[in-house]
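Novice: can you look at this prediction? I've put the sequence above it.
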Amino acid sequence: MIFVLFAALMGGLFEMTRIFQAKHTLNQATFSAARAGALNDARLRPMTAKLASSMADRYTYDASPAGVIEAQARARLYGEAIQAAGGGVRIVSPTLDIFQALNTRQYLKIEGDDERRYQEVIPNDNLRWRARRTASVSDGDINLQDANLLKIRSVWCYRLIVPALDRVIYSIVNTFNTSDRQSVCNTISTGSQITGIATGRYLAITSDAIVRMQTPIVANDLP
């Protein structure tokens with residue numbers, strides 16, 4: 001009985017250490033994703049790609065160049081699956097309501113366009129001297145300068161690996177945590193038919209990041 005309790009304790013410590021490591025990696029990856037968004041007009045595609053590539057350390061089992069490439073591919077596959085399930089990167093602010101209240105028409109070229117053209121954006125240039133326009137939205141009042149703070153939230157799924165204990169942790173989490181974040185990871189847990197995703201029980205981990213925009217904000221992916 002003592003051996004079983006000791007084994008459970010050691011297994012729990014090992015699992016918790018790995019969870020904290022994954023959370024630390026996600027914190028760094030989320031900040032990198034926010035930076036990618038700040039440099040690319042607050043669009044999701046560059047952010048989701050950066051989040052996945054920054055999480056590749058979690059899937060690197062071979063330090064050789066081929067192993068690193070494989071880890072990047074594996075992280076990208078996980079990122080796509082998590083994003084499709086409703087996780088990955090989500091923009092918290094600015095929202096579409098803020099955009100509609102503060103946007104202006106500018107003649108510029110956005111990445112992906114063939115040439116410069118007039119389009120609606122939240123401007124990013126000369127913020128220090130621009131008038132402090134304020135928009136009243138459901139969450140309160142926000143001015144043009146604060147609207148240029150890109151706030152994102154990321155959800156990633158950590159696979160529990162300690163035998164038997166993974167069932168216990170997974171059951172407890174799903175009993176007391178009915179959030180949408182955990183439901184994202186439930187969709188890729190045991191029984192998932194997603195090709196390339198390891199079967200197992202997954203735990204949702206989250207992180208937030210705030211970065212000042214370095215480019216104009218377009219409305220394409222705003223919530």
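Specialist: Good, I have the coordinates.

Novice: now do the contacts for the closest residue to Tyr170 other than its chain neighbours.
Specialist: If you skip the residues right next to it in sequence, Tyr170 has Arg201 as its closest partner in space, 3.9 Å away by Cβ to Cβ, 6 or more residues apart in numbering. Where you see a C-beta, it was placed from the backbone N, CA and C, and this is true even at glycine. Under the criterion of Cβ atoms under 8 Å, 6 or more residues apart in numbering, the contact partners of Arg201 comprise Arg159, Leu160, Asp166, Arg167, Ile169, Tyr170, Ser189, Thr190.

Novice: what about the residue nearest to the third one when sequence neighbours are not counted, how many neighbours?
Specialist: Read it as Asp166. Closest residue to Asp166 in three dimensions, ignoring its sequence neighbours and counting by Cβ to Cβ, 6+ apart: Leu160, at 3.6 Å. Each residue near Leu160 was counted by other Cβ atoms under 10 Å, and the total is 20.

Novice: thinking again about what came up before, if any of the contacts of Arg201 are buried, put those into a ChimeraX selection.
Specialist: In ChimeraX, a selection of the buried entries from the contacts of Arg201 looks like this (16 or more other Cβ atoms under 10 Å):
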select :159,160,166,169,170,189
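
Novice: one step back: and the residue nearest to Asp166, what pLDDT?
Specialist: pLDDT recorded at Leu160 is 91.

Novice: where does the protein dip in pLDDT?
Specialist: With pLDDT under 70 as the threshold, the chain has low-confidence stretches at 139, 190-195.

Novice: and the strands in it?
Specialist: With DSSP state E as the criterion, the chain has strands at 88-93, 104-108, 117-121, 134-137, 140-143, 149-160, 201-212.

Novice: check which residues of the last one are buried.
Specialist: If you call a residue buried by 16+ other Cβ under 10 Å, then strand 201-212 has these buried ones: Arg201, Tyr202, Leu203, Ala204, Ile205, Thr206, Ser207, Ala209, Val211.

Novice: Tyr170 versus the second one, what's the distance?
Specialist: Remark: distance between Tyr202 and Tyr170 (Cβ to Cβ, to the nearest Å) = 8 Å.

Novice: what do the two both touch?
Specialist: Between them, Tyr202 and Tyr170 share the contacting residues Leu160, Ser189, judged by Cβ under 8 Å, 6+ apart.

Novice: what residue lies at the spatial centre of the chain?
Specialist: When the chain is reduced to its mean C-alpha position, the closest residue under Cα atoms, centre = their mean turns out to be Ser154, at 2.5 Å.
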